[in-house]
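1. the following block contains a protein sequence and its predicted model.
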Amino acid sequence: MVAALTTEQRATALASLPQWTYDESRRALYRRIVLKDFSAVMGLMVRVAHEAEKADHHPEWSNVYNKLEIWLTTHDAGGDVSERDVKLAKIIDALV
C-alpha cells in the first residue's frame with residue numbers, strides 16, 4: 001500500500017505546484033488547463049498518457065474542446081493524494 005500524504009506534506013507539495021489545488025470533495029490534486037484548441041489539448045493528453053503509463057499511475061480527467069481538467073489521486077493510498085500524484089503533477093507541468 002502507498003502512503004497518503006499528511007496535511008502538512010500535501011501543503012508543502014502544493015507550494016511547489018502553483019498551478020494545482022487540492023480538491024477536498026475528490027481528495028485529489030486538481031488542475032485546469034486551457035490551450036489554444038482541441039488539437040493542442042489532445043496532443044497534451046497523449047503525452048501525459050505516455051508518461052502516466054510509464055509511471056503506472058493514471059489521471060482522472062475531463063476534456064471539452066480546448067479545456068482539460070485533471071485530478072490526481074492514488075487508489076492504493078485509500079483514494080487520497082500520495083507522492084505518486086505529486087510526481088505526475090510535476091511531469092504534467094513540464095509537458096504543458
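-> Structure's in. What do you need?
2. ok but His57 is inside a helix, no?
-> No. Looking at His57 with DSSP: H, G, I helix; E, B strand; the rest coil, it is coil, so not inside a helix.
3. which residue ranges of this structure form helices?
-> For the chain, the helices defined by DSSP state H cover 7-15, 38-55, 83-95.
4. what helices and strands are in contact with the longest one?
-> By that I understand helix 38-55. Identification of packing neighbours for helix 38-55 by 3 or more CB pairs under 8 Å, 6 or more residues apart in numbering; DSSP states H and E yields strand 60-64, strand 67-72, helix 83-95. Heads up, the C-betas are built off the backbone N, CA and C, glycines and all.
5. how distant is the last one from the center of its chain?
-> Helix 83-95 has its average C-alpha position 6 Å from the chain's average C-alpha position, going by CA atoms, centre = their mean, to the nearest Å.
6. residue contacts, Leu17?
-> Going by CB atoms under 8 Å, 6 or more residues apart in numbering, Leu17 touches 29, 86, 89-90, 93.
7. of the residues you listed - the most surrounded one?
-> Highest neighbour count within these: Leu29, with 25 neighbours (other CB atoms under 10 Å).
8. pretty sure it contacts Tyr22?
-> Yes. Using CB atoms under 8 Å, Leu29 is in contact with Tyr22, at 6.5 Å.
9. shared neighbours of the two, anything?
-> Residues touching both Leu29 and Tyr22 by CB under 8 Å, 6+ apart: 14, 81.
10. partners of the residue nearest the centre of the chain in the sheet?
-> Nearest residue to the geometric centre of the chain (CA atoms, centre = their mean): Leu72, 4.0 Å. With DSSP bridges as the criterion, Leu72 is bridged to Leu29.
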